[in-house]
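1. Any chance you can model this:
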Amino acid sequence: MIEARDLVKQYRMGQVTLQALRGVSFQVETGSFVAIVGPSGAGKSTLLHLLAGLDSPTKGEVLWEGQALSSISDAKRSMLRNRMLGVVFQSYHLMSELSALENVMLPGLVNGQATLRQLRERGLSCLEQVGLAHRIQHRPQQLSGGEQQRVAIARALVNRPRVLLCDEPSGNLDSATGEEIANLLIRFCEQERVSLILVTHDTRFSSRAHRILVMRDGQIVSDGPVSESHK
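-> So this is what the prediction gives:
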């Protein structure tokens with residue numbers, strides 16, 4: 001489904017070159033739940049942005065369903081991302097002037113494969129899935145942090161993605177709300193057989209993954225199933 005091949009990412013800061021990733025390779029199969037863990041600065045978020053096609057590697061390749069992202073135009077990459085991927089960030093990135101329902105509908109409007117009526121029905125269904133059917137007309141500033149993250153998740157689901165990429169989705173939330181978000185994401189991915197790739201420091205997420213990638217200093221230092229010590 002998604003593959004990283006020898007990914008290297010460098011950033012220039014004046015005369016200094018920062019090595020964010022140092023040759024990262026792995027594959028994620030359909031329906032699997034992969035947690036990416038490691039200390040701050042390990043390269044986890046950089047890797048997720050490369051997998052999502054939001055940034056390009058200095059060297060190496062990202063493949064979606066066998067197709068190298070470097071071989072397609074930015075426009076086609078954006079189209080494929082919109083149809084294939086759902087992305088959830090730690091910062092919710094909701095548009096303040098839009099209601100919860102309008103925020104959720106946005107990716108579908110870009111997609112252009114559903115009528116406005118169909119998209120509204122789909123958006124309502126997604127908000128119901130995340131427990132916000134009663135908040136559809138509220139704007140982000142009228143919602144709690146947990147509710148805003150639920151809207152962001154509903155938005156990521158509206159185009160029925162095959163892969164869900166999440167960057168610290170519980171990072172800004174209290175422990176109880178974070179656990180609710182974990183349960184919500186994992187339940188959805190299991191029911192819909194959607195691949196889940198998750199960057200997290202939260203053991204409530206990582207302990208339930210099928211597989212954990214441990215990163216340190218821009219490299220994967222461990223890749224395997226969750227051991228009893230993680231549970």
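
2. Mind listing residues that contact the helix or strand of the chain with the lowest mean pLDDT?
-> In the chain, the helix or strand scored least confidently by mean pLDDT, DSSP states H and E is helix 203-206, which has a mean of 84. Residues lying outside helix 203-206 but in contact with it, judged by CB atoms under 8 Å, 6 or more residues apart in numbering, are 35, 37, 170, 178-179, 182, 185-186, 198, 200, 212, 226, 230. In short, each C-beta sits where N, CA and C put it, glycine included.

3. which of these has the weakest pLDDT?
-> The member of these with the lowest pLDDT is H230, at 53.

4. buried set for stretch 117-124?
-> By neighbour count on 16 or more other CB atoms under 10 Å, the buried set for stretch 117-124 is 119-120, 122-124.

5. now the least confident helix or strand of the chain, how far from the chain's geometric center?
-> The gap between the average C-alpha position of helix 203-206 and the chain average comes to 15 Å, counting by CA atoms, centre = their mean, to the nearest Å.

6. With just CA atoms, put that helix into CSV.
-> Taking C-alpha atoms only, helix 203-206 is exported to CSV below (Å, rounded to 0.1, in the frame of the first residue of the first chain):
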residue,chain,number,x,y,z
THR,A,203,1.3,4.1,24.9
ARG,A,204,-2.5,3.8,24.7
PHE,A,205,-2.0,4.0,20.9
SER,A,206,1.3,2.2,20.5
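
7. right, and the helix or strand after that helix?
-> The element immediately downstream of helix 203-206 (helix or strand, assigned by DSSP states H and E) is strand 211-216.

8. Give me the secondary structure label for V87.
-> Applying DSSP: H, G, I helix; E, B strand; the rest coil to V87 yields a three-state assignment of strand.

9. So it sits against G53, correct?
-> No. Taking CB atoms under 8 Å as the definition, V87 is not a contact partner of G53, at 9.8 Å.

10. In terms of neighbours, single out the busier of these two.
-> More neighbours sit around V87 than around the other of V87 and G53, counting by other CB atoms under 10 Å; the figures are 22 against 19.

11. so what's that one up against?
-> The contact partners of V87, taken as CB under 8 Å, 6+ apart, are 52, 54, 81, 156, 164-167.

12. looking at those, which has the most residues close by?
-> When those are compared by neighbour count (other CB under 10 Å), C166 ends up highest, at 26 neighbours.

13. Quick check: the gap between it and E97.
-> C166 is 25 Å from E97, where distance means CB to CB, to the nearest Å.

14. Flag the shaky bits of the protein, pLDDT-wise.
-> Across the chain, the stretches falling below the confidence threshold (pLDDT under 70) are 227-231.

15. List the beta-bridge partners for the residue nearest the centre of the chain.
-> Most central residue of the chain, judged by C-alpha distance to the mean C-alpha position with CA atoms, centre = their mean, is L165 at 1.9 Å. Beta bridges link L165 to V87, I197 when assigned by DSSP bridges.
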